[in-house]
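Novice: what follows is a predicted protein model with its sequence.
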There are 2 protein chains.
Amino acid sequence: MANEKTRGRLTAGDWARAALTAIGDGGIAAVAVEPIAARLGATKGSFYWHFANRDALVEAALRLWEQQHTEAVIARVEEEPDARARIRRLFLDVTTGGTEAVENRIEVALLAAAAHPLVAPAVGRVTERRIAYVADLYEELGVPPAPARRHALLAFTTWMGHTQLVHAAPGVLPTGEDASAYLDFVLDSLVDTGERS
Amino acid sequence: MANEKTRGRLTAGDWARAALTAIGDGGIAAVAVEPIAARLGATKGSFYWHFANRDALVEAALRLWEQQHTEAVIARVEEEPDARARIRRLFLDVTTGGTEAVENRIEVALLAAAAHPLVAPAVGRVTERRIAYVADLYEELGVPPAPARRHALLAFTTWMGHTQLVHAAPGVLPTGEDASAYLDFVLDSLVDTGERS
DNA sequence: CCATCCCCGTACGGTACCGTATGGAAACGA
DNA sequence: TCGTTTCCATACGGTACCGTACGGGGATGG
């Protein structure tokens, strides 16, 4: 499999993508030059021409993640016309993809590495960006800013927890037909913005 | 600091505790014999007398975690007389402890390592055990088994997400007085078992 | 006081990875 | 075609860790 386009020569982007994949497979510790080089069918000689050292590769992978897994998802959700539909879409996008979704594995790995000096700022920015976006969605539903922020925090918390649960113990979640029913149950509890009180 | 009691000689339990601490600090990968030995003021010679290899140490640490961080927490919550109070207590116990809570760091690290062959079964058992316990709490509130299971899943999901958020980006959460207000907001959304529909 | 066993330190070989040095092949402009 | 630049493989030293071998000291029972 490896890399079929640009056969032979590699770009810095190729290395960054491979590093991000490695993060999904084995966490930050799996961003090791020699194993990734082998996976790309190359050697360290190539790597140290494109990057100064291992940390630079980690940074490049994080930039890739920060750009792809935040802005891209938001852009996709923005296609939905209705704000209520966007919230549902946000959860569906993340839930669909199954247990082995690479996206989720990367999320979990980076969350666990939040103490890492290179990871911390990226995770912080992405988290704040996502919560702010969800808060905007609630405001579009007519919720005032302060409660919108609360609802966004709870929705994001639920989203993270769900991702973790799917990743760590998929067996406890409902399967088949019950799966979508449970998802509706969760979404209803999040989209209910307190009309009753 | 190191280990002051049992000065000199070490037990297998000492190694297991140190390994669990290491997991909290740097994940499964941080369970390395020589660094832990240094932290205990000993050498590998001691370790390989008490354990066959590194995997055995990981297993011992996981057994310690599985026992302490599940049954102990449940036992403490069981002290609360009212079921509603128990649910709140469950969240308060986990939230209180601050950002740097060792407990949370271990949770996050193990969740991220759920793909590890030694970690997977432990995480699976603990997860199922916790969800079943929360489902029991909801049933004590008069909720039938099926919806109780759904509510327990959502509550546990929220709990996990909250733990992740506290660990990865504590800055996005409300601080000071708003913190407990937000917590009440979350708890209300979880303890509300659908009386309105 | 001595022998035995428990516990541990030291020394060694092996593996995996980081980073550097250097030569050379492939692409490219003139 | 030829020189130059771009890109990469090989080889090397250094570090951190795993697991084994072995020897010795300290506790303990007689």
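Specialist: Everything's here; your move. Numbering: from 1, shown residues only, chains lettered A, B, ... in the order given.

Novice: tell me the helix or strand right after the helix or strand of chain A with the lowest mean pLDDT.
Specialist: In chain A, no helix or strand scores lower on mean pLDDT, DSSP states H and E than helix A:83-95, which sits at a mean of 82. As assigned by DSSP states H and E, the chain's next helix or strand after helix A:83-95 is helix A:102-112.

Novice: and that following helix, how far from the chain's centre?
Specialist: Counting by Cα atoms, centre = their mean, to the nearest Å, helix A:102-112 is centred 7 Å from the centre of its parent chain.

Novice: measure residue A:18 to chain B for me?
Specialist: 19 Å (Cβ to the nearest Cβ, to the nearest Å). Where you see a C-beta, it was placed from the backbone N, CA and C, and this is true even at glycine.

Novice: tell me the contacts of that residue?
Specialist: Contact partners of residue A:18, counting by Cβ atoms under 8 Å, 6 or more residues apart in numbering or on different chains, are A:36, A:39, A:40.

Novice: could you redo the last one with a cut-off of 6 Å?
Specialist: Contact analysis of residue A:18 by Cβ atoms under 6 Å, 6 or more residues apart in numbering or on different chains lists A:36, A:40.

Novice: helix, strand or coil for it?
Specialist: Here residue A:18 is recorded as helix under DSSP: H, G, I helix; E, B strand; the rest coil.

Novice: kindly report the same for residue A:175.
Specialist: Going by three-state DSSP, the state assigned to residue A:175 is coil.

Novice: please save the CA atoms from the least confident helix or strand of chain A in CSV.
Specialist: The C-alpha trace of helix A:83-95 is given here as CSV (Å, rounded to 0.1, in the frame of the first residue of the first chain):
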residue,chain,number,x,y,z
ALA,A,83,-29.4,24.9,13.6
ARG,A,84,-31.2,22.0,15.2
ALA,A,85,-30.2,19.8,12.3
ARG,A,86,-26.6,21.0,12.6
ILE,A,87,-26.3,19.8,16.2
ARG,A,88,-27.7,16.4,15.2
ARG,A,89,-25.4,16.3,12.3
LEU,A,90,-22.4,17.1,14.5
PHE,A,91,-23.1,14.0,16.6
LEU,A,92,-24.0,11.8,13.7
ASP,A,93,-20.8,12.6,11.9
VAL,A,94,-18.8,11.6,14.9
THR,A,95,-20.7,8.6,15.8
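
Novice: orientation of it relative to helix A:102-112 in degrees?
Specialist: 90 degrees (axes from the mean of the first three to the mean of the last three Cα atoms, to 10 degrees).

Novice: what strand or helix carries residue A:115?
Specialist: Using DSSP H and E, residue A:115 falls within no helix or strand.

Novice: so who does the closest residue to DNA strand D within chain A touch?
Specialist: Nearest to DNA strand D in chain A, going by Cβ to the nearest atom of the strand, is residue A:45, at a distance of 1.6 Å. With contacts defined as Cβ under 6 Å, 6+ apart, residue A:45 has no neighbours.

Novice: ditto for residue A:83
Specialist: With Cβ under 6 Å, 6+ apart, residue A:83 has these contacts: A:137, A:140, A:141.

Novice: can you check residue A:167 too?
Specialist: A:104, A:108, B:114.

Novice: for residue A:37, same thing?
Specialist: A:43, A:44, A:47.

Novice: what's the neighbour count on the first one?
Specialist: Same thing as residue A:43. 12 (other Cβ atoms under 10 Å in any protein chain shown).

Novice: next one: the second one
Specialist: Here the number of neighbours of residue A:44 (other Cβ under 10 Å) works out to 12.

Novice: distance of it relative to chain B?
Specialist: According to Cβ to the nearest Cβ, residue A:44 stands 22 Å off from chain B.

Novice: please apply the same query to the last one.
Specialist: Summarising the geometry, the distance separating residue A:47 from chain B, computed by Cβ to the nearest Cβ, is 22 Å.

Novice: now do the first one
Specialist: In this view, residue A:43 and chain B are 25 Å apart by Cβ to the nearest Cβ.

Novice: and what of residue A:107?
Specialist: 10 Å.

Novice: one more: residue A:53?
Specialist: From residue A:53 to chain B the distance is 20 Å (Cβ to the nearest Cβ).

Novice: and that residue, how many neighbours?
Specialist: Using other Cβ under 10 Å, residue A:53 has 10 neighbouring residues.

Novice: which residues of chain A lie near chain B?
Specialist: Contact residues (Cβ under 6 Å from any Cβ of the partner chain) of chain A with chain B: A:29, A:108-109, A:111-112, A:114, A:123-124, A:127-128, A:131, A:150, A:154, A:157-158, A:160-162, A:164-165, A:167-169, A:172, A:185-186, A:196.

Novice: which ones among these are found in helices?
Specialist: A:108-109, A:111-112, A:123-124, A:127-128, A:131, A:150, A:154, A:157-158, A:160-162, A:164-165, A:167-168, A:185-186 (DSSP state H).

Novice: which of the residues you listed are buried?
Specialist: Buried members of these, counted by 16 or more other Cβ atoms under 10 Å in any protein chain shown: A:108-109, A:111-112, A:123-124, A:127, A:131, A:150, A:154, A:157-158, A:160-162, A:164-165, A:167-168, A:185-186.
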